[in-house]
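**Q** structure here, sequence nowhere to be found:
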Ligand SMILES: O=C(O)CCC(=O)C(=O)O
Ligand SMILES: [Fe+2]
């Protein structure tokens, strides 16, 4: 139930899990929220305790001395895991004013032959800071919980579009997941330039979940209203749709531009962004919508022949190389030439 006055719809995932009428109402709300804004809050997920723990560990991590953070720098990792310092990541070619710690599924690296596709190198172990051993169990537990939540939501999206609940099932047997712990340091106008915490972008995958602390900063581009702030809502996470789901639904579900604005001087903002996408070696189905939904679909904002559909791994790698040129130079360029 929406008891708050918010800019975005609020959906309670307990309705989805209850089944029957409640589930039906949830699916209707979900399809509408996804088609109009592409962003909404989800409550009732029972992850509040874990969220507090993750945000607490996130703050502890960024408070570590610079040398300890650099010891797990992403540039050490051909698998794009680890720490990126302020302005180390680019969005649309411009540096973001945030520091971050990236992790993905904890896996062994794959032994690659020269003829194997390079994107297999995305698979591998995470890096963990030695001086903060409590980070690993909490971050991995949150990653598992959000994987489950996003897979459930993906099934709900499929049903809301009158598709079998498992229409994406083959692509998320082992979904691609990527979690980013983030600190946006406050800055004066003089220091902050364009205040690009993270520049305007759409997320590439199926779904994203953002966990915010008490500090606003996330903004969504709405059709008539321009950039609108998405304030933190207690007990809620923010869910948004990525380009892969937009393409798969012929533009019915919308991937919306969003950004984060640098906080005022003296205020830090912390968030945890979790991205869920199709597994790297899968092929994403293009859904056949029933006519009454098709007429409302906006059509994809990109080409349906987009190689995203049949080259998931290739596209994920391309995005990572663009965002992290230092990792590209250290681990990929040489191999490519
Ligand atoms: O930190 C946030 O609130 C959102 C971050 C985001 O949009 C991203 O990293 O893709
Ligand atoms: Fe994003």
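**A** Thanks, I have it. In this text the structure is predicted, and so the values were computed from the model without any measurement. Ligands and ions are numbered 1, 2, ... in the order given.
**Q** pLDDT at residue 335, what is it?
**A** Looking at residue 335, its pLDDT is 50.
**Q** next, the buried residues of stretch 27-42.
**A** Across stretch 27-42, burial judged by 16 or more other C-beta atoms under 10 Å covers 27, 29-31, 33-35, 37-42. Any C-beta I mention is one placed from the backbone N, CA and C, and that applies to glycine too.
**Q** where's the dip in pLDDT among those?
**A** Among the buried residues of stretch 27-42, pLDDT bottoms out at residue 35, giving 85.
**Q** quick check: that one vs residue 271, distance?
**A** 26 Å (C-beta to C-beta, to the nearest Å).
**Q** check residue 33 too.
**A** 21 Å.
**Q** again with residue 99
**A** 12 Å.
**Q** tell me which of these two has more neighbours.
**A** A count of neighbours by other C-beta atoms under 10 Å puts residue 271 above the other of residue 99 and residue 271, at 25 against 21.
**Q** following the helix or strand hosting the more buried one, which helix or strand comes up?
**A** Residue 271 is part of strand 269-277 when elements are defined by DSSP states H and E. Going down the chain from strand 269-277, the next helix or strand is helix 291-294, by DSSP H and E.
**Q** so who does the closest residue to residue 70 other than its chain neighbours touch?
**A** Among residues not flanking residue 70 along the chain, residue 83 sits closest, at 6.9 Å (C-beta to C-beta, 6 or more residues apart in numbering). By C-beta atoms under 8 Å, 6 or more residues apart in numbering, residue 83 lies in contact with 69-70, 72-74, 99-101, 127.
**Q** just the buried members of the residues you listed?
**A** By 16+ other C-beta under 10 Å, the contacts of residue 83 give 69, 72-74, 99-101, 127 as buried.
**Q** how about the host helix or strand of residue 148: buried residues?
**A** Residue 148 belongs to helix 135-160 when assigned by DSSP H and E. Judged by neighbour count (16+ other C-beta under 10 Å), helix 135-160 contains these buried residues: 135, 138-140, 142-143, 145-147, 149-151, 153-160.
**Q** and for stretch 248-267?
**A** Quick answer for stretch 248-267 (16+ other C-beta under 10 Å): 248-263.
**Q** residue 75 contacts residue 327, correct?
**A** Yes. At 5.7 Å, residue 75 counts as touching residue 327 under the criterion of C-beta atoms under 8 Å.
**Q** kindly report the residues of the stretch 101-250 of the chain close to ligand 1.
**A** Counting by C-beta under 6 Å from any ligand atom, the residues of the stretch 101-250 of the chain close to ligand 1 are 180, 182, 198, 203, 210, 212, 218.
**Q** and the least confident of those?
**A** residue 203 (92).
**Q** thinking again about what came up before, got any residues that touch both of residue 99 and residue 271?
**A** By C-beta under 8 Å, 6+ apart, the residues touching both residue 99 and residue 271 are residue 182.
**Q** tell me where the model's unsure across the stretch 51-200 of the chain.
**A** For the stretch 51-200 of the chain, applying pLDDT under 70 flags no range at all.
**Q** where does the stretch 101-250 of the chain get nearest to ligand 1, which residue?
**A** The stretch 101-250 of the chain approaches ligand 1 most closely through residue 218 (3.9 Å), counting by C-beta to the nearest ligand atom.
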